[in-house]
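Asker: requesting a structural model of the entry that follows:
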Amino acid sequence: MLVRPAILLALILIALKSSAQDIHFSQFFNSPINLNPALTGQFNGDYRFVGNYRNQWQSVTTPYRTIGLTADVHNLFQKNNIHSGIAIYNDKTGDSRFGTFLLNISGAYSISVSSDSNQFITAGIQTGFTQRSINYSALHFDKQYNGIAYDPSLSNAEEFSNDGRTWLNLNTGIAYTYFISSRNTITSGLSFSNLTTPKQTFFTDNAIKLDRRILLHGEAGIFISQKFDALPAIQFQLQGKFRELNLGGAARYFYTSDLALYGGFYYRNKDAGYLRVGVDYDNIHASVTYDFNTSSLRPASNSRGGIEVGIVYIFKQFRPKFVKHKICPNYI
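Answerer: Numbering: from 1, shown residues only. Below you'll find the model as predicted:
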């Protein structure tokens, strides 16, 4: 049977257990709940909303598109050490519209490990479900060639047992946070994903499972001067036979007290380098990155990797200050 190269690639992605990897973003620093459940609620505010969008390999016939939406709460039940969040991701890939939909709910608990309460250890857990699907009707097979042209009314003469699969997610992690000052911070962590190693093939081979993922990460904010900060970041993850290292950093320039501009560069080993520009305005942060492909796919992609957008909004509730007034005595 002959199929187009894009279709063959989609089938290989389904069939090979070692090729299955989790949804991830170049802007891992702007995808905290996906990075580590222990980062749930780790921010200065009451509520955080994050949006991620990635469009990868635009030069390929059908590019990869990934959307992520998350929301988390810093002080659940008015407790500063209990945090919760929800994450939704949707990914579409290739001519078959091979899709991944993921919904996770996370919870985290923090304890102070310093007398001045500026260092914290946080443990987090996350559960939910993943649904994968494929649209076989979008694929073109040689049996549908009538001798002159492609005829979609012809049977493809193929038998597919499943066009979807759903499984339970279970992830956990731990993180360390050090708030030295508003512009000097350190965050590091370790997370474990796919603890149940779920079966994820559409066929009957029970050996094809989603590998566990082990991820290490670290970020820092370093005060340089009144106008400048340095923001280094690193991520290393293992999943099956795959290894991925992301490292780099950005400079943050404070134009005013409410407005800051970003510029930086990061590198993902054996895959891509990417530039970052961004802006902070009040409680909103927005970043755009663009990948330049350096892998063996460079000829097919024309070195064009993908554009990615990350937006973070932190909401702080207004809390009125109550001033105790002295009541005048009756005799005045």
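Asker: from here on, contacts and neighbour counts on C-alpha atoms
Answerer: Will do.
Asker: so where do the strands sit in this protein?
Answerer: 47-56, 64-73, 82-93, 98-112, 119-133, 164-181, 184-193, 213-223, 228-239, 242-254, 259-268, 272-281, 284-293, 304-315 (DSSP state E).
Asker: rebuild those as TSV, extending it with distance to Asn34 and mean neighbour count.
Answerer: Converted to TSV, the strands of the chain look like this (distance: least, C-alpha to C-alpha, whole Å; neighbours: other C-alpha atoms under 10 Å):
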stretch	distance to Asn34	mean neighbour count
strand 47-56	11	21
strand 64-73	9	22
strand 82-93	8	21
strand 98-112	9	21
strand 119-133	10	20
strand 164-181	10	19
strand 184-193	10	21
strand 213-223	11	20
strand 228-239	13	19
strand 242-254	15	18
strand 259-268	18	19
strand 272-281	20	19
strand 284-293	17	21
strand 304-315	13	21
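Asker: columns mean pLDDT and distance to Thr40 on top of the ones you listed, output as TSV?
Answerer: Shown next, in TSV, are those (pLDDT from 0 to 100; distance: least, C-alpha to C-alpha, whole Å):
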stretch	mean pLDDT	distance to Thr40
strand 47-56	95	9
strand 64-73	94	6
strand 82-93	93	6
strand 98-112	94	6
strand 119-133	94	7
strand 164-181	93	10
strand 184-193	97	12
strand 213-223	97	15
strand 228-239	97	17
strand 242-254	96	21
strand 259-268	97	24
strand 272-281	96	21
strand 284-293	94	18
strand 304-315	90	13
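Asker: enumerate every residue touching the closest residue to Gln42 other than its chain neighbours.
Answerer: Closest residue to Gln42 apart from its sequence neighbours, by C-alpha to C-alpha, 6 or more residues apart in numbering: His74 at 6.7 Å. For His74, the contacting residues are 40-47, 80-84, by C-alpha atoms under 8 Å, 6 or more residues apart in numbering.
Asker: need the strands of the chain in CSV (columns: distance to Gln27).
Answerer: Below are the strands of the chain laid out as CSV (distance: least, C-alpha to C-alpha, whole Å):
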stretch, distance to Gln27
strand 47-56, 9
strand 64-73, 12
strand 82-93, 15
strand 98-112, 19
strand 119-133, 21
strand 164-181, 18
strand 184-193, 16
strand 213-223, 12
strand 228-239, 10
strand 242-254, 10
strand 259-268, 9
strand 272-281, 9
strand 284-293, 7
strand 304-315, 7
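Asker: ok, the contacts of His74 vs Ala207, which is closest?
Answerer: Nearest to Ala207 out of the contacts of His74 is Thr40 (C-alpha to C-alpha; 32.9 Å).
Asker: my read: the closest one touches His83, true?
Answerer: Yes - contact criterion C-alpha atoms under 8 Å: Thr40 and His83 qualify, at 6.2 Å.
Asker: which residues are in contact with both of these two?
Answerer: Asp72, Val73, His74, Gly107, Ala108.
Asker: hmm, Gly124 and the last one touching each other?
Answerer: What it means is Ala108. Yes - with contacts counted by C-alpha under 8 Å, Ala108 reaches Gly124, the gap being 4.0 Å.
Asker: what is in contact with those two at once?
Answerer: Joint contacts of Ala108 and Gly124 (C-alpha under 8 Å, 6+ apart) are Pro37, Ala38, Leu39, Thr40.
Asker: report the contact partners of the closest residue to the second one other than its chain neighbours.
Answerer: Pointing back at Ala38 there. Of all residues not flanking Ala38 in the chain, Gly124 sits nearest, at 3.9 Å (C-alpha to C-alpha, 6+ apart). The contact partners of Gly124, by C-alpha under 8 Å, 6+ apart, come to Asn36, Pro37, Ala38, Leu39, Thr40, Ser106, Gly107, Ala108, Tyr109, Thr172, Gly173, Ile174.
Asker: one step back: using CSV, lay out the shared contacts of Ala108 and Gly124 together with neighbour count and distance to Gln131.
Answerer: What follows is the shared contacts of Ala108 and Gly124, written out as CSV (neighbours: other C-alpha atoms under 10 Å; distance: C-alpha to C-alpha, whole Å):
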residue, neighbour count, distance to Gln131
Pro37, 32, 20
Ala38, 32, 24
Leu39, 33, 24
Thr40, 33, 23
